[in-house]
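In: Below are the sequence and a predicted model; questions follow.
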Amino acid sequence: MSHDERKNMGTRLREAREYLGLSQEEAAKAVGLTRSAISLIESGQRKIDALELKKLAELYRRPVIDFTGNEEVDAPTPERIQHLARAASKLTDSDQAELLRFAEFLSARAPEKGSGGQ
Amino acid sequence: MPTSRREAILEGIAAAQRLHAKLGLRKSIESGAASHIDVFGIAIKQGAFLLFRPLKGLLGAYLGQPLFPSAGILISTQRDLHVQRFTAAHELGHMDMAHTPSLDENVGLWRGESSDLQEVAADAFASEFLLPRWLYVNRAAQHKWDSKALRRPDIVYQLSLRLGASYDATCWGLLGHQILPRTDVENLKKYAPQELKQEALAGRAQLKHGWADVWIITEGDKDRKFEGSPDDIIIFKCRERSSAGYLWDEARLAESGLEVIDDSRVHPDGEECGGDITRVLVTKVAESREYTVMFPERRPWSPHDELTRLSLVLDLQGKEQGLPRSARKTMAAA
């Protein structure tokens, strides 16, 4: 993996963590790393092994491919999200963006462990 | 499907009561096993993915069947904890009653009269789920508040804090559950929460902002857990048997992390000596976290001779942001 690819993965990991409102410390504790390791991974300065990536992806409720995929794929927007966008058309731009991001998150999210929706 | 407003309300109430029974909530709270209705934890247990994000116009949204394969509840971080709780209960109602996805700019009391029966049912669900009659009875019995006491706005404000609801919602619950007649509830509604907070403070401290609350903690709150915000003012008002040499040990409050900003004693009917007095300790906290308070009443010269002890947990973390705290606890333990 090139430095740029690692940096790109680090950025996606940081965005996924921040979306859930988790601190670096909380993420580190949950996956058994140090806070500085999370910080270095997110800035692309530390390599991440497959097991660590799997744990972080599970924590952030995302499939691993969300972090390893090369370029953003221009996939067609699912019909359900288009439907939601129409329903949300009267909302402010920022609320629409939040809602569509949540809808995409729900659609893509990795199956959780244990009981309950979280 | 309900065909009238009345049917929608009855459907919402019945669904909330079924979920209470399924979860054994009443028994848990009345036995003391649970301290409050943890609506966020319950939504997660029922299968929703719950997230708090900075929505500006929306209070919340429910996404689920048939458009989405799994249920998701999104709640705004721009309102305080009791609005977040009511909104979560409203979205949980949509999920429980298998409603279609819903975007909610207003819920419950903030909505007014809605003609959308799905929304009416979800509001009725939320009110019954968070403010059932038995919870009013439980909280009032704990403090020995009878119907005369519940006519006092200062008492109803304190009750609202212990129910995790707004003052307005608490007043309407007193009417809806026929605990008080309409004229008494309308009288209670003449008082604004801001006015009641200032009355509770009695000039002994200042609130950082209008959303902060003023808790009056008494011996009736023993062994309870409360949820508030780090900007709240906590006032301990406890009967002190000083004539027998027993004093509340304020140093233990400081050890629990509370800062005592005012300490006074109120004598009954203005008497200067004799009889039991009321110790009034005004406290605040410096950071957002959970505080375990151990507050003993004892003789200063004999610290092991405790007459009584007021133990309680103050969860002063305020509103939720990102993943709910209950999910973070599970995450850290995994």
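Out: Nice, I can see it.
In: shaky segments in chain A?
Out: Along chain A, the model assigns pLDDT under 70 to residues A:70-78, A:110-116.
In: In it, what residue comes closest to chain B?
Out: A:Gly21 (1.5 Å; Cβ to the nearest Cβ). Using the backbone N, CA and C atoms, a C-beta is placed for each residue, glycine as well.
In: Quick check on the residue nearest to that residue when sequence neighbours are not counted: phi, psi?
Out: Using Cβ to Cβ, 6 or more residues apart in numbering or on different chains and skipping residues adjacent in sequence, the residue nearest A:Gly21 is B:Gly322, 1.5 Å away. B:Gly322 adopts backbone torsions of phi 70, psi -140, taken as degrees, to the nearest 10.
In: Over to B:Ser229?
Out: phi -120, psi 160.
In: hang on, it packs against B:Asp213?
Out: Yes: at 6.9 Å, B:Ser229 counts as touching B:Asp213 under the criterion of Cβ atoms under 8 Å.
In: And the two? Which one has more around it.
Out: B:Asp213 (24 against 19; other Cβ atoms under 10 Å in any protein chain shown).
In: What score does that one have for pLDDT?
Out: Looking at B:Asp213, its pLDDT is 97.
In: now it, nearest residue through space, not along the chain?
Out: B:Asp232 (4.7 Å).
In: Give me the neighbour count for B:Arg6.
Out: So B:Arg6, with other Cβ under 10 Å, has 10 neighbours.
In: now swap in A:Glu15 and tell me
Out: 12.
In: returning to what we had before: what do B:Ser229 and B:Asp213 both touch?
Out: Counting by Cβ atoms under 8 Å, 6 or more residues apart in numbering or on different chains, no residue touches both B:Ser229 and B:Asp213.
In: Can you report how many residues neighbour the residue of chain A closest to chain B?
Out: 17.
In: Double-check it against B:Gln321; I have them as touching.
Out: Yes: in this structure, A:Gly21 is within contact of B:Gln321 by Cβ under 8 Å, at 4.9 Å.
In: residues shared between the contacts of the two?
Out: Residues touching both A:Gly21 and B:Gln321 by Cβ under 8 Å, 6+ apart: B:Phe52.
In: What helices and strands are in contact with the longest helix along chain B?
Out: In chain B, taking DSSP state H as the definition, the longest helix is helix B:5-23. Using 3 or more Cβ pairs under 8 Å, 6 or more residues apart in numbering or on different chains; DSSP states H and E as the contact test, the elements touching helix B:5-23 are helix B:39-45, helix B:81-96, helix B:117-130.
In: and the residue nearest to A:Gly21, how many residues sit next to it?
Out: 19.
In: swap in B:Glu259?
Out: The burial count for B:Glu259: 12, using other Cβ under 10 Å.
In: Can you give me the distance of it to B:Trp215?
Out: Distance, B:Glu259 to B:Trp215, using Cβ to Cβ, to the nearest Å: 15 Å.
In: next one: stretch A:92-110 to chain centre, how far?
Out: The chain centroid and the centroid of stretch A:92-110 are separated by 12 Å under Cα atoms, centre = their mean, to the nearest Å.
In: which other residues reach it?
Out: So stretch A:92-110 is in contact with A:19, A:57-58, A:61-63, A:66, A:78, A:80-81, A:84-85, A:88-89, A:91, B:49, B:51, B:53-58, B:61, B:63, B:68-70, B:72, B:74, B:103, going by Cβ under 8 Å, 6+ apart.
In: So which bits of it are buried?
Out: For stretch A:92-110, a neighbour-count test (16 or more other Cβ atoms under 10 Å in any protein chain shown) marks A:Asp95, A:Gln96, A:Glu98, A:Leu99, A:Leu100, A:Phe102, A:Ala103, A:Phe105, A:Leu106, A:Ser107, A:Arg109, A:Ala110 as buried.
In: For the residue nearest to B:Asp213, give me its contacts.
Out: Contacts of B:Asp232 (Cβ under 8 Å, 6+ apart): B:Ala212, B:Asp213, B:Val214, B:Trp215, B:Lys284, B:Leu316.
In: Mind putting these into CSV with secondary structure?
Out: Putting these into CSV (DSSP: H, G, I helix; E, B strand; the rest coil) gives the following:
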residue, secondary structure
B:Ala212, coil
B:Asp213, coil
B:Val214, strand
B:Trp215, strand
B:Lys284, strand
B:Leu316, strand
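In: any idea which of these is the one closest to B:His143?
Out: B:Trp215 (12.7 Å; Cβ to Cβ).
In: Relative to chain A, how far out is the closest one?
Out: 27 Å (Cβ to the nearest Cβ, to the nearest Å).
In: Look up how far B:Ser31 lies from the residue of chain A positioned farthest from its centre.
Out: Residue farthest from the centre of chain A, counting by Cα atoms, centre = their mean, is A:Lys90 at 27.3 Å. Per Cβ to Cβ, A:Lys90 is found 47 Å from B:Ser31.
In: Please name the residues that touch the residue of the stretch 151-300 of chain B found nearest chain A.
Out: Nearest to chain A, among the residues of the stretch 151-300 of chain B, is B:Ser288, at 13.0 Å (Cβ to the nearest Cβ). By Cβ under 8 Å, 6+ apart, the residues touching B:Ser288 are B:Ser229, B:Pro230, B:Leu316, B:Gln317, B:Gly318.
In: Buried ones from those residues, can you make that a ChimeraX selection?
Out: Buried residues among the contacts of B:Ser288 (16+ other Cβ under 10 Å), as a ChimeraX selection:
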select /B:229,230,316,317,318
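In: Just send the contacts of B:Ser288 back as a markdown table, with pLDDT too.
Out: Listed next are these as a markdown table, based on pLDDT from 0 to 100:
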| residue | pLDDT |
| --- | --- |
| B:Ser229 | 96 |
| B:Pro230 | 97 |
| B:Leu316 | 97 |
| B:Gln317 | 95 |
| B:Gly318 | 95 |
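In: how about the residue of chain A closest to chain B, secondary structure?
Out: Per three-state DSSP, A:Gly21 ends up coil.
In: And the helices in the chain?
Out: Since you didn't name a chain, this refers to chain A. A:3-19, A:24-31, A:35-42, A:50-59, A:65-68, A:79-87, A:93-108.
In: ah, no, chain B please
Out: B:5-23, B:25-31, B:39-45, B:81-96, B:117-130, B:133-143, B:153-163, B:167-176, B:182-188, B:193-201, B:250-255, B:325-333.
In: List every C-alpha atom in the fifth one, with coordinates, as PDB.
Out: Output for helix B:117-130, consisting of C-alpha atoms alone and laid out as PDB, is shown next (Å, rounded to 0.1, in the frame of the first residue of the first chain):
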ATOM      1  CA  LEU B 117     -52.800   9.800  12.400                       C
ATOM      2  CA  GLN B 118     -49.400   8.100  12.300                       C
ATOM      3  CA  GLU B 119     -47.900  11.100  14.100                       C
ATOM      4  CA  VAL B 120     -50.800  11.300  16.600                       C
ATOM      5  CA  ALA B 121     -50.300   7.600  17.500                       C
ATOM      6  CA  ALA B 122     -46.500   8.100  17.900                       C
ATOM      7  CA  ASP B 123     -47.000  11.100  20.200                       C
ATOM      8  CA  ALA B 124     -49.500   9.200  22.300                       C
ATOM      9  CA  PHE B 125     -47.000   6.300  22.500                       C
ATOM     10  CA  ALA B 126     -44.200   8.700  23.600                       C
ATOM     11  CA  SER B 127     -46.300  10.300  26.300                       C
ATOM     12  CA  GLU B 128     -47.500   7.000  27.700                       C
ATOM     13  CA  PHE B 129     -44.100   5.400  27.400                       C
ATOM     14  CA  LEU B 130     -42.100   8.100  29.300                       C
END
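In: I am finished for the moment; much appreciated.
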